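Asks: give me a model of this one.
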Amino acid sequence: MTNGSEVPDQWNGNPVPPRPPLPATPSPEPQVSPEPPKFKIGMPPGMDLSLDTVPSSDNAAPVPVAKPEFGPAPTPFGRPPLPTPSTAAAPATAPAPVTPPAPAANPRLVLPDGTVLPLLQGLIVGRDPQHQDGYGVSALAPLHDIERSVSKTHAVLGVSEGRVWIIDLNSTNGTFVVSPNGTLTPCPPEVATPLEPGADIRFGEYRVRVALD
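Replies: Numbers count the residues shown, from 1 in each chain. Predicted coordinates for the structure are as follows:
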């Protein structure tokens, strides 16, 4: 028995349950439109396209900016500045005469063992000193250093304009001027360092006394 359609409403005397509804048709996924291209400024009408006069925003190059130069501050109300006691012209005074240092009468080195070495003709000192050109000094003075802190050719000493000077010859442990209060002043290599009265010299750890009277 049918209900007027192709599907019977009974089967073998039993009622046929109604057909379940068909599943809903899925809705199509929305189409994603592509991202529009970035906006760029084009060339003005009538301009040659081969001329790259407008830089692209993608490759922006830093433009150097010159720093302003500031002149002197202006005077308030256009009035000239009043002279101050520090800027006022002072009467010219004659410079004080420079007193030259007293010449050393008998400069000499006094070694720890009491040996006296004269300095008037200059000395090249070291454990086994060798002659050095360019200093005008030929006398060699070997120093017996038990600690071996003195270099083979350590320094050169001389007298000029009444003062004793010393030049370190790139020694390993350095040359130092010892002031009367015990302050150490290193002597730069290959630079003449003058000695003050009462100062001693230390070659590495080997200390000698300088007598000037």
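
Asks: now do the strands in this structure.
Replies: 10-11, 14-15, 108-110, 116-118, 123-126, 140-142, 155-160, 163-168, 175-178, 184-186, 193-194, 200-203, 206-211 (DSSP state E).

Asks: dump the last one to CSV, restricted to CA.
Replies: Translated: strand 206-211. Extracted C-alpha coordinates of strand 206-211, given in CSV (Å, rounded to 0.1, in the frame of the first residue of the first chain):
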residue,chain,number,x,y,z
TYR,A,206,118.7,49.1,41.7
ARG,A,207,118.8,52.5,43.4
VAL,A,208,121.7,55.0,43.1
ARG,A,209,122.2,58.4,44.7
VAL,A,210,122.9,61.5,42.6
ALA,A,211,125.3,64.0,44.2
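
Asks: for it, list every residue counted as buried.
Replies: By neighbour count with 16 or more other Cβ atoms under 10 Å, strand 206-211 contains the buried residues Tyr206, Val208, Val210. Placement of C-beta: from N, CA and C, glycine included.

Asks: for the residues you listed, which one is nearest Leu109?
Replies: Of all the buried residues of strand 206-211, Leu109 sits closest to Val208, with 5.1 Å by Cβ to Cβ.

Asks: ranking the strands of the chain by burial, who's on top?
Replies: Using mean count of other Cβ atoms under 10 Å, the stretch among the strands of the chain with the largest mean neighbour count is strand 123-126, at a mean of 24.
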